[in-house]
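> Sequence first, predicted model second:
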Amino acid sequence: MNTPAELRYTRSDEWVRIEGDTATIGITDYAQSELGDIVFLELPEPGRYLQVDETFGVIESVKAASDLYAPLEGEVLEVNSALQSALETINQDPYGKGWMIKMRLSDPSQAASLMSADEYRAYRNL
Amino acid sequence: MQRTALYEAHLKAGGRMVPFAGWEMPVQYAGILQEVQAVRQRWGMFDVSHMARAYFRGADARAFLSRLVPSDMGKVAPMTGQYTVLTNERGGVVDDIIFYERTPDEYLVVFNAANRQKDLDWFHRRLGAWGLHVHIDDQTEQTVMLAVQGPEATARLEPLLGAPLGETPRFGATVVEWRGVRLFAARTGYTGEDGFELIAPAEVGVALWDALLTAGATPCGLGARDVLRVEAGLHLYGHELTDDTNPIEAGLGWLVSERTDYIGAAPILQAKQQGVARKLMGVRLQERGVPREGYPVLIDGAPVATLTSGVYSPTLEQGIGMAYLPSAYAKAGTPCAVEIRGKPVPAVVSTRRFLKGG
């Protein structure tokens, strides 16, 4: 199970890549593997302001439906619209082409509260 | 938790094991979508050894069965199978089963894993009450059962088992000699595709699995099995069938004969003659979304039923499900909606023949 060291992680299995005051968010390799084949994805419109732990979307596999939670507070800048016609990308490349949203963070220092790759691996017993 | 004789083989094939009806079974191997596609386009195999298998033996075996099920016993002949239901006094369904006549005094009954003890108790209680002489021999743990399904299944199995399986009619059965043991091969399944269900002594289970794997059968888990059976509009006990569903409203009127000498015949014949208040129908989403069991079905915005099953159909690239709809709405083409997370998603009522255009 892949957990890149340069990313931060949530207890609800999102990953976050912080670059200055922007964050790119997706679901982890572990999450896609647990869900299995993704068949439905609902993401927010750009411009929406998200609070920490607010639901920003829904992901469904053949087996299960799962909410997506904002790891940090901020505005949605961009949504990966290419995913809708290629949901398998989330299974195949969860940390790359499978990214879901980019946010402008209201307070980038909040990222310190997220788990490191080591902490996430320990949390999920990976 | 019980394990089938193929437990280690599943792990070796990358199977992800989950608890199911008291058994540890593979829910998927490579992925549900590709497993479904393998069965629809080529061939796949399922370990269904968790399903219960019992022999009814004795001079009264046929009379015993005839009092448990509504089927036309005139159609029962050696080496043929019947899909049918065990009915209760209220005309409800105790379980859905397939029984095969091997000889007029030996029947093989295949029933749901989740109902194994319930059905065995049902059989024994009736046997005692009716004073019939039948020996019930539960062979579930002594045997394995593999479902080999798909458009290529029969042609692939023929050379592998060295038997002209193509000559066996649908729901027919034959016995094949393979590596010194006898396999029971029935042209039945739960996918809507052609194929066979093979029953073999547990000792040769792994050898049979490996031979099928080497021949190119895609191992398929419970996840694919559920998608395939919903796409085929087939019932699953505990979902479309329960102790309180009548076979007529379940769309199983075709298997109900005019006989009056089985348990629950009176309420079932009454339903057949007078009609039913609700009918099991298909529902197809007209927009993106995944319908799931328990989601409300709305007509003109008002809930009229809940889905008994629902899946994303990769074959149709559409969400589909089944529901017991009030008869007034139980007509293909009726507009409806499925409520998904509080939002109505437009849908249409269809027959359960999803793959045939519904």
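Arrived safely, thanks for sending. These figures come from a predicted structure and were not determined experimentally.
> So, low pLDDT: which residues of chain A?
Judged against pLDDT under 70, chain A has no low-scoring part.
> Assign B:A323 to helix, strand or coil.
Taken by DSSP: H, G, I helix; E, B strand; the rest coil, the conformation at B:A323 corresponds to strand.
> Give me the number of neighbouring residues for residue 34.
All of this refers to chain A. For A:E34, the neighbour count with other C-beta atoms under 10 Å in any protein chain shown is 16. Where you see a C-beta, it was placed from the backbone N, CA and C, and this is true even at glycine.
> I was thinking of chain B, sorry if that wasn't clear
16.
> which non-adjacent residue is nearest it?
Nearest residue to B:Q34 in three dimensions, chain neighbours excluded: B:T218, at 7.6 Å (C-beta to C-beta, 6 or more residues apart in numbering or on different chains).
> if I pick that neighbour, what's in contact with it?
B:Y29, B:A30, B:Q34, B:E35, B:A38, B:V39, B:R42, B:W43, B:G44, B:M45 (C-beta atoms under 8 Å, 6 or more residues apart in numbering or on different chains).
> How about B:E231?
B:V36, B:G192, B:V311, B:S313, B:T315, B:L316, B:I320, B:F354, B:L355.
> Keep the residues you listed, but drop any that are not near chain A.
Checked against chain A using C-beta under 8 Å from any C-beta of the partner chain, the contacts of B:E231 yield the following neighbours: B:V311.
> Okay, strands next: where are they in chain A?
All strands of chain A, identified by DSSP state E, fall at A:8-9, A:14-19, A:22-27, A:38-42, A:49-50, A:55-61, A:65-69, A:74-79, A:101-105.
> Which members of the contacts of B:E231 are classed as buried?
Neighbour-count burial (16 or more other C-beta atoms under 10 Å in any protein chain shown) is assigned, among those, to B:V36, B:G192, B:V311, B:S313, B:T315, B:I320, B:F354, B:L355.
> returning to that earlier point: of all the contacts of B:E231, which comes closest to chain A?
B:V311 (7.0 Å; C-beta to the nearest C-beta).
> Can I take it that B:F123 is in a helix?
Yes - according to three-state DSSP, B:F123 belongs to a helix.
> Nearest spatial neighbour of it, chain-adjacent residues omitted?
B:I136 (5.6 Å).
> thinking again about what came up before, redo the contacts of B:E231 as CSV? Include pLDDT and secondary structure.
Shown next, in CSV, are the contacts of B:E231 (pLDDT from 0 to 100; DSSP: H, G, I helix; E, B strand; the rest coil):
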residue, pLDDT, secondary structure
B:V36, 98, helix
B:G192, 97, coil
B:V311, 98, strand
B:S313, 98, strand
B:T315, 97, coil
B:L316, 97, coil
B:I320, 98, strand
B:F354, 97, helix
B:L355, 95, helix
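> quick one: low-confidence parts of chain B?
For chain B (pLDDT under 70), the answer is B:358.
> so who does residue 82 touch?
Unless you meant another one, I'm taking chain A. Shown in contact with A:A82 (C-beta under 8 Å, 6+ apart): A:T89, A:K97.
> Switch to chain B, please.
Counting by C-beta under 8 Å, 6+ apart, B:Q82 has contacts B:V69, B:S71, B:K75, B:V76, B:I98, B:F99, B:Y100, B:F171, B:L255.
> Pull out the buried residues from these.
With burial judged by 16+ other C-beta under 10 Å, the buried subset of the contacts of B:Q82 is B:V69, B:S71, B:V76, B:I98, B:F99, B:Y100, B:L255.
> now residue 5, nearest residue through space, not along the chain?
Just going to use chain A. A:A117 (4.7 Å).
> looking at chain B here, not the other one
B:G205 (3.9 Å).
> thinking again about what came up before, let me have the buried ones among the contacts of B:E231 in TSV, extended by distance to A:L105.
Output for those, formatted as TSV (distance: C-beta to C-beta, whole Å):
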residue	distance to A:L105
B:V36	41
B:G192	50
B:V311	38
B:S313	40
B:T315	43
B:I320	41
B:F354	46
B:L355	48
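> so which of those residues comes closest to B:V348?
B:V348 has its nearest neighbour among the buried ones among the contacts of B:E231 in B:I320, at 10.6 Å by C-beta to C-beta.
> from what I can see the closest one touches B:Q286, true?
No - using C-beta atoms under 8 Å, B:I320 is not in contact with B:Q286, being 11.3 Å away.
> Now do the contacts for the residue most central in space within chain B.
The centroid of chain B falls nearest to B:Y190 when counting by C-alpha atoms, centre = their mean (5.0 Å). Applying C-beta under 8 Å, 6+ apart, we find B:Y190 in contact with B:A147, B:Q149, B:R225, B:L228, B:R229, B:A232, B:L234.
> Equivalent analysis for B:L241, please.
B:V85, B:V93, B:D95, B:D96, B:H235, B:A250.
> Quick check: the farthest pair among these?
Between any two of the contacts of B:L241 (C-beta to C-beta), the greatest distance is 12.7 Å, for B:D95 and B:A250.
> Which elements pack onto the helix or strand harbouring B:F56?
For B:F56, the element it lies in under DSSP states H and E is strand B:52-57. Where contact means 3 or more C-beta pairs under 8 Å, 6 or more residues apart in numbering or on different chains; DSSP states H and E, strand B:52-57 is packed against strand B:106-111, helix B:116-130, strand B:135-138.
> Please identify the most buried of the ones you listed.
strand B:106-111 (a mean of 22; mean count of other C-beta atoms under 10 Å in any protein chain shown).
> angle of that strand against helix B:116-130?
140 degrees (axes from the mean of the first three to the mean of the last three C-alpha atoms, to 10 degrees).
> Next, the angle from strand B:106-111 to strand B:52-57.
160 degrees.
> Run the chain-centre distance for strand B:106-111.
Computed by C-alpha atoms, centre = their mean, to the nearest Å, the chain-centroid distance of strand B:106-111 equals 14 Å.
> and if you look at stretch A:16-25?
For stretch A:16-25, the distance to the chain centre is 11 Å (C-alpha atoms, centre = their mean).
> Stretch B:53-72 too?
19 Å.
> Can you get me the start-to-end distance on it?
22 Å (C-alpha to C-alpha, to the nearest Å).
> Stretch A:75-95 now?
21 Å.
> rewinding a little: the strand holding B:F56: partners in the sheet, and parallel or antiparallel?
strand B:106-111 (antiparallel), strand B:135-138 (antiparallel) (DSSP bridges).
> Brilliant, that's me finished.
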